[in-house]
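Novice: Show me the folded form of this:
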Amino acid sequence: MSMNNSPNVFLDPNANRFQVNIINESHNSNEASQEDVESDPPHYEETSFTEEAHNRLRISYRPGKRELYDNFLQNGEKPEASLHPCDTHNKMYYLQTFGHNTMDPVPKIDYYRNTGSVSGNKLNRPSLLEIHEQLAKNIAVSTGSVERVANGESTAGEETAASKEEEKKTGFVKFGWVKGVLVRCMLNIWGVMLFIRLSWIVGQAGIGLGIIVIALSVVVTTLTGISMSAICTNGVVRGGGAYYLISRSLGPEFGGSIGLIFAFANAVAVAMYVVGFAETVVELLKESDTIMVDESNDIRIIGTITVVCLLGISVAGMEWEAKAQVILLIVLLIAIANFFIGTVIPTNNEKKARGFFNYQASIFAENFGPDFRSGEGFFSVFAIFFPAATGILAGANISGDLKDPQGAIPKGTMLAILITTVAYIGVAVCAASCVVRDATGNVNDTVIPGMSCNGSSACNLGYDFSRCRSQPCDYGLMNNFQVMSMVSGFGPLITAGIFSATLSSALASLVSAPKVFQALCKDNVYKGLHFFAKGYGKNNEPIRGYVLTFVIAMAFILIAQLNTIAPIISNFFLASYALINFSCFHASYAKSPGWRPAFRYYNMWISLFGALLCCGVMFVINWWAALITYVIELFLYIYVTYKKPEVNWGSSTQALCYIKALDSALALTTVEDHVKNFRPQCIVLTGAPMIRPALLDITHSFTKNNGLCICCEVYTGPRKLCVKEMNSGMAKKQAWLTKNKRKAFYAAVAADSFRDGVKSLLQASGLGRMKPNTLVIGFKKDWRNAAVTQVENYVGVIHDAFDFELGTIIVRIGQGFDISQVLQVQEELEKLEQERLALEATIKENEFDEEKSGICGFFRKARKLNITKHEAKNESTINTVQSMHVGEFNQKLLEASTQFKKKQGKGTIDIWWLFDDGGLTILIPYILTIRKKWKNCKLRIFTGGKVNRIEEEKLVMASLLSKFRIKFADINIICDINMKPNKESWKFFEEMIEPYRLRESCKDITTAEKLKRETPWKITDAELEAFKEKSYRQVRLNELLQEHSRAANLIVLSLPVARKGVVSDYLYMAWLEILSKNLPPILMVRGNHKNVLTFYS
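Specialist: Here you go, the predicted structure:
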């Protein structure tokens, strides 16, 4: 049932079925709906939506109106609209979807466009947050907007309409599949080979093998065409041809490497085709004895003039170039038709003497088998013919100038392959059916009566060419390259065909090279080539690319040895074909949901076969040229990989990387963990990674290339704001890690408290076996000034880590980790510096304008003086800010934040392995010593023992470390750990905990109980007495650390564990404080008491 508010739409048979429902929520449409039911019989409606979905257009069609619907889709006509006349509540109109009050938009293509799309503007649909949080709100539209919608105009699509109108005004040229693809491919495939080499090939290989040679070449091009068709129909194709297809499928590494050599090959191909044309012209000049200088220089002169003319046609615009291509195709078709006509025109004695006898079954039978001569074989003949089958990318190379590349490239390319294949086979079979392999050209070489012919077809037809067996002859399929000209009805037309074939191929290459090169430069894969990305005119013509192509072509016309470079160019083209086939295979193999080509007639394994076939053909044609091609491609691939261009095209390489990672992660889950494969997989509470870089750096030192590292941040506060801030910063912070070459992940959660957030991270972080097993947290330096809840949360996180059986590392450095204030000051100074530079640029620009103007300069002096005053004011502001922040800009803090990035000099890592926690305390420093930055540091081991067993204890520890294969410089047995600390140290500890003591023993029972209820976090006298020995030990350990490890580069110490619910948070923090105070960087480590070391093999 329709929900349109206007019943007239259904009653009027001429009413347009496309309606815009702008419905007020309060309006009752029951009467209209009832009227619909009574006046119309039940019927099914199909519902679709126009491109104005942003304005909630509702489209349906009734029986008999299907033609209007189809016309709308094809022509893009805007529908008429009906508008509800009033809103009785608030005089406001609302755009509605399905007649309901909702912000949800209907499906529309503009929501799926890329930003900056040339085919239309990208629209932003309401975010999930807007729909979720503001469900009851409406989109209010002004009356003017409603009027435009009522008239069938799109408020959201106004910019798109404007851009399309601009295209119409400027005359933006787009080609269909015939002129844009079919014509170009046919002209590029039909080259000089058709006219001057095909007869020789069929003479050498015979009709049978000749057809196989052609068929094998066509198999390569057809498989490539099928793969290209699949890639082309898997999304919108932009300019760049083969480069665009390969780069968007396999990524910038493959695309960038092949794009550059493909553009270069096309540029050199211009020179090859032009030289072919010039050589033909010089042959004509030689026949008429009108050589200008000599043959070589005449080729250069004619080649230069030809390239200049072709460049003029190309620069004039694609439309002129397309017209020239059509004319050349007509000439070429006439030349081919002229040959076929010539084969049925009765021959004469002169042509018979040259081996042409019209269609003869005996000649067909004689020429069917091969007759390889002069060292030629099947593959050498194939290598000579194969370049004639190339050229299938001519249409794809101008993909940016096609109306519908997705439809045009597959249709035009495949049809061109079919037509040209038929033509090649037809010409080959016809030539071999009419002309013998050898002929003398002498009309007097007739058969003498009584002479034995020995099966020779020419002899049976009355001519004796037997002397060709003992001496070379000038005519016949094997000797005369101008067989087509001789056979044709009118010889000069074949010459015109040669001219057409060479010039059309040259013109196609001259257009292809700059177009591909421009697309490559636009993507900024090679930053130094971005100069050539700029386009000019209505078709964005790459004028700079045309000039560069012209220069390259001229260089090879004037100085290059084209016979040497030709095989390399053929291999460049074949390398492109191989990668196109591989792209199709790779995209299919990656099984990405985004791989949905509309062209269904492809198979991933056939594409892989096509890629391998192309690689094989490269070596068949010329093995050394194939090697050069691979070396160049590999070098460019490594270069692009090293430079890592900042592009993301959703390539199949990414998809396959994901699949491999997923498979590996799943495979890990099937294998039980083994102690030999243990590695620290850390969850690091850095907050934003750039805020605590030193904490990340020390963790990264023992996880890089070895284990998992996840930088975590907890957002607390109003949930809506936290989630918004968290989502907006995720990509930025992960990008910071990547930019700073930190092999780590970033994760964040929004929670009610810090402890709740960390608890979520500890439980949910990781994937399968790749789950964190160690928590790394910075020491809370400000615990004495922090709120009680903050201290409780901090200690609670440590308890939670132990509950979840994670190892725990608390890191402390003298200056602390948080450098947010420093970053804030730097950001402010950078902004002021940018303002200063902008001001200087403005002043220079004004001074330049003043110099250029005479009379006006006087009037600008006042403005200049005014600007100078502002500059002085800004400079004073900068100085004020700098002096204001000089205290805050803590240089020591900044240096401390980078201390773990630097290479550590010769020194020691002191390991105080006091308690056996499974070996994590010894494993972490060992991993550090195998890192480049810490390799100069030696391990010193400190452990507890008895005075009367010092040597025995040393031997036991040395034996244990040797079994673990951990090298050490020294072992120290500490016998006086349990001694009481000196009075000054203990007094400092007591003064530190004094503000947090309850002192209930000094109060009556009632008061004491009340204080316990009000301040349960305080340290009771009973607790302090119960853990007095443990407190002594922490203070004493600090004294020992000061005595033995003051000069160490790093201290690794067993972390004391506080019993949950027994030791108060502030007493535990006091232990950690006194234990690590006034020391070098220290890691307090406690494993999860499961073995991480083993001495078994």
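
Novice: can we go C-alpha only for contacts and neighbour counts from here?
Specialist: Noted.

Novice: so Cys711, which of the three states?
Specialist: strand (DSSP: H, G, I helix; E, B strand; the rest coil).

Novice: Next, count neighbours for it.
Specialist: Per other C-alpha atoms under 10 Å, the neighbour tally for Cys711 reads 24.

Novice: can you list the weak-confidence ranges in the chain?
Specialist: For the chain, the stretches flagged by pLDDT under 70 are 1-103, 112, 114-120, 127-173, 317-318, 450-455, 559-566, 847-890.

Novice: Quick check, central residue of it?
Specialist: The chain has Asn648 as the residue nearest its centroid, 3.0 Å off, counting by C-alpha atoms, centre = their mean.

Novice: Pull the contacting residues for Gly256.
Specialist: Residues in contact with Gly256 (C-alpha atoms under 8 Å, 6 or more residues apart in numbering) are Tyr243, Ser247, Leu520, Val525, Tyr526, Leu636, Tyr637, Val640.

Novice: any idea whether the residue nearest to the centre of the chain is helix, strand or coil?
Specialist: Going by three-state DSSP: Asn648 is coil.

Novice: same deal with Asn539?
Specialist: Per three-state DSSP, the secondary structure class of Asn539 is coil.

Novice: before we move on, what about Ala748?
Specialist: From three-state DSSP, the assignment for Ala748 is strand.

Novice: And the nearest residue to it once chain neighbours are set aside, how far from Asp474?
Specialist: Closest residue to Ala748 apart from its sequence neighbours, by C-alpha to C-alpha, 6 or more residues apart in numbering: Glu713 at 4.7 Å. To Asp474, Glu713 is 85 Å away according to C-alpha to C-alpha, to the nearest Å.

Novice: Check Ile628 too.
Specialist: 37 Å.

Novice: again, but for Ile911
Specialist: Using C-alpha to C-alpha, Ile911 is found at 93 Å from Asp474.

Novice: now do Val825
Specialist: Distance of Val825 to Asp474, computed by C-alpha to C-alpha: 88 Å.

Novice: next one: Val435
Specialist: Using C-alpha to C-alpha, Val435 is found at 13 Å from Asp474.

Novice: what about those two, which has more around it?
Specialist: Legend: neighbour count by other C-alpha under 10 Å for Val435 and Asp474, higher for Val435 (30 against 15).

Novice: Which phi and psi values does the nearest residue to that one once chain neighbours are set aside adopt?
Specialist: Take Val435 and drop its neighbours on the chain: the residue closest to it by C-alpha to C-alpha, 6+ apart is Phe356, 4.5 Å away. Backbone geometry at Phe356, expressed as degrees, to the nearest 10, gives phi -100, psi 120.

Novice: Can you tell me how far Phe356 is from Thr343?
Specialist: Distance, Phe356 to Thr343, by C-alpha to C-alpha: 9 Å.

Novice: Between those two, which contacts overlap?
Specialist: Joint contacts of Phe356 and Thr343 (C-alpha under 8 Å, 6+ apart) are Cys434, Val487.

Novice: Comparing the two, which residue is more hemmed in?
Specialist: Taking neighbours as other C-alpha under 10 Å, Phe356 and Thr343 compare with Phe356 leading, 31 against 23.

Novice: right, and the more buried one touches Met484 too?
Specialist: No - with contact defined as C-alpha atoms under 8 Å, Phe356 does not reach Met484; the gap is 10.4 Å.

Novice: Let me know how buried the residue lying closest to Val344 once chain neighbours are set aside is, in neighbour terms.
Specialist: Distances taken as C-alpha to C-alpha, 6+ apart place Asn358 nearest to Val344, at 6.3 Å, with adjacent residues excluded. Using other C-alpha under 10 Å, Asn358 is surrounded by 22 other residues.

Novice: same check, this time on the one 10 residues further on
Specialist: Applying other C-alpha under 10 Å, we find 21 other residues in the vicinity of Phe368.

Novice: ditto for the one 3 residues further on
Specialist: One way to gauge burial is a neighbour count; for Asp371, by other C-alpha under 10 Å, it gives 15.

Novice: I'd like to know how far it sits from Ala553.
Specialist: Per C-alpha to C-alpha, Asp371 is found 38 Å from Ala553.

Novice: What residues does Ala1058 make contact with?
Specialist: Contacts for Ala1058 (C-alpha under 8 Å, 6+ apart) come out as Tyr1068.

Novice: Next, it: secondary structure please.
Specialist: Using three-state DSSP, the structure places Ala1058 in coil.

Novice: Any figure for the gap between it and Gly944?
Specialist: For Ala1058 relative to Gly944 (C-alpha to C-alpha), the value is 20 Å.

Novice: Also Pro346?
Specialist: According to C-alpha to C-alpha, Pro346 stands 114 Å off from Gly944.

Novice: How about Glu366?
Specialist: Counting by C-alpha to C-alpha, the gap from Glu366 to Gly944 is 101 Å.

Novice: cool, Lys1012 as well?
Specialist: Distance, Lys1012 to Gly944, using C-alpha to C-alpha: 38 Å.

Novice: Pull out the buried positions in the strand or helix carrying Phe364.
Specialist: Assigned by DSSP states H and E, Phe364 belongs to helix 361-366. Neighbour counts over helix 361-366 (16 or more other C-alpha atoms under 10 Å) mark Ser362, Ile363, Phe364, Glu366 as buried.

Novice: so Asn349 makes contact with Asn442?
Specialist: No - using C-alpha under 8 Å as the test, Asn349 is too far from Asn442 to be in contact (9.4 Å).

Novice: Of these two, give the one with the bigger neighbour count.
Specialist: Higher neighbour count among Asn349 and Asn442: Asn442, with 17 against 14, using other C-alpha under 10 Å.

Novice: What about Leu832, how many residues nearby?
Specialist: The number of residues packed near Leu832 is 17, by other C-alpha under 10 Å.

Novice: Next: Asn948.
Specialist: Burial measure for Asn948: 9 neighbouring residues, criterion other C-alpha under 10 Å.

Novice: does Val714 sit in a helix, a strand or a coil?
Specialist: Val714 ends up strand, using three-state DSSP.

Novice: roughly how far apart are it and Gln790?
Specialist: Separation of Val714 from Gln790 (C-alpha to C-alpha): 13 Å.

Novice: Identify the contacts common to those two.
Specialist: Phe754.

Novice: The two: which has the busier surroundings?
Specialist: More neighbours surround Val714 than the other of Val714 and Gln790, with 24 against 15 (other C-alpha under 10 Å).

Novice: Contact partners for the more buried one?
Specialist: So Val714 contacts Gly687, Ala748, Val749, Ala750, Ala751, Phe754, Gly757, Val758 (C-alpha under 8 Å, 6+ apart).

Novice: Among these, which one is most surrounded by other residues?
Specialist: Val758 (28 neighbours).

Novice: Pull the residues that contact the strand or helix carrying it.
Specialist: Using DSSP H and E, Val758 sits in helix 754-764. Helix 754-764 is contacted by residues 683, 712, 714-716, 749-751, 772, 790, 793-794, 796-797, 800-801, 804 when judged by C-alpha under 8 Å, 6+ apart.

Novice: again, but for stretch 437-456
Specialist: Here stretch 437-456 makes contact (C-alpha under 8 Å, 6+ apart) with 203, 349-355, 366-367, 459-460, 462-465, 468, 473-479.

Novice: ok, of those, which come out buried?
Specialist: Here, 16+ other C-alpha under 10 Å leaves 203, 351-355, 366-367, 459, 462-465, 473, 475-479 buried among the contacts of stretch 437-456.
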